[in-house]
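Trainee: predicted structure and sequence below. I'll ask about it afterward.
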Amino acid sequence: QAQLVESGGGSVQPGGSLRLSCAASGLTLDHYTIAWFRQAPGKEREGVSLIRSGDSSTYYTDSVKGRFTISRDSAKNTVYLDMKSLKPEDTAVYYCTADEWLLLSKPWLAKFQGQGIQVTVSS
C-alpha cells in the first residue's frame, strides 16, 4: 500500500530553521510530482512548494520564496522541504502530496497525501 510519511516538524523560534521530510513507501517518488501544502488554524489550505517529476523544476508560493527549498533524494525515496528564516505566520500543519500532475494552487487534489506534521514558530 502506497504511503507518504512526513517528519521533521516541531517548534522553533522566529528566524530558525527546520527540515521537513516526506518519505514514501510503495511508490517511487521520482515518478511523481511532489508538493507541500500547509493549513493553519482557521485559515484555508495553501500550496507552499512543488517539485515536478522529470526535470525536477521547482515552484514556491510568494511568501516562502528565498526561504524554503524543496529537493528530492532519489536514493532515499524522500522529498525535503528546507525552511529557514521561519516566521510566526509559517505556523501550520504541513502535508506532502504526490501525483503524476499537481498544481501549486491546489496540491491537495492528489492521489497520495501524508498525515501531516505540525510546525510551530513562536518566541
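Mentor: It's in. It should be emphasised that the depicted structure is a prediction, and the values quoted were computed from it without experimental measurement.
Trainee: and the residue most central in space within the chain, what does it touch?
Mentor: Against the mean C-alpha coordinate of the chain, by CA atoms, centre = their mean, the closest residue is Trp36 at 2.7 Å. Residues counted as contacts of Trp36 (CB atoms under 8 Å, 6 or more residues apart in numbering) are 20, 22, 47-50, 70, 81, 94-97, 107. In this view, the C-beta of every residue, glycine as well, is placed from N, C-alpha and C.
Trainee: tell me the spatial nearest neighbour of Ala2, not counting adjacent residues.
Mentor: Nearest in space to Ala2, with sequence neighbours left out and distances taken as CB to CB, 6 or more residues apart in numbering, is Gly26 at 3.7 Å.
Trainee: ok, and the most crowded of the contacts of Trp36?
Mentor: Cys96 (32 neighbours; other CB atoms under 10 Å).
Trainee: please name the bridge partners of that one.
Mentor: Taking DSSP bridges, one obtains Trp36 as the residues bridged to Cys96.
Trainee: pretty sure it sits against Ile34.
Mentor: Yes: in terms of CB atoms under 8 Å, Cys96 counts as a neighbour of Ile34; the distance is 6.3 Å.
Trainee: any residues in contact with both of those two?
Mentor: By CB under 8 Å, 6+ apart, the residues touching both Cys96 and Ile34 are Cys22, Val79.
Trainee: residue boundaries of the strands in this protein?
Mentor: Using DSSP state E, the strands of the chain run over 3-7, 10-12, 18-25, 33-39, 46-51, 58-60, 68-73, 78-83, 92-99, 112-113, 117-121.
Trainee: check those for me and report the most buried one.
Mentor: Of all those, strand 33-39 has the most neighbours on average by mean count of other CB atoms under 10 Å, namely a mean of 25.
Trainee: what distance separates that strand from the centre of its chain?
Mentor: Put simply, strand 33-39 sits 4 Å off its chain's centre (CA atoms, centre = their mean, to the nearest Å).
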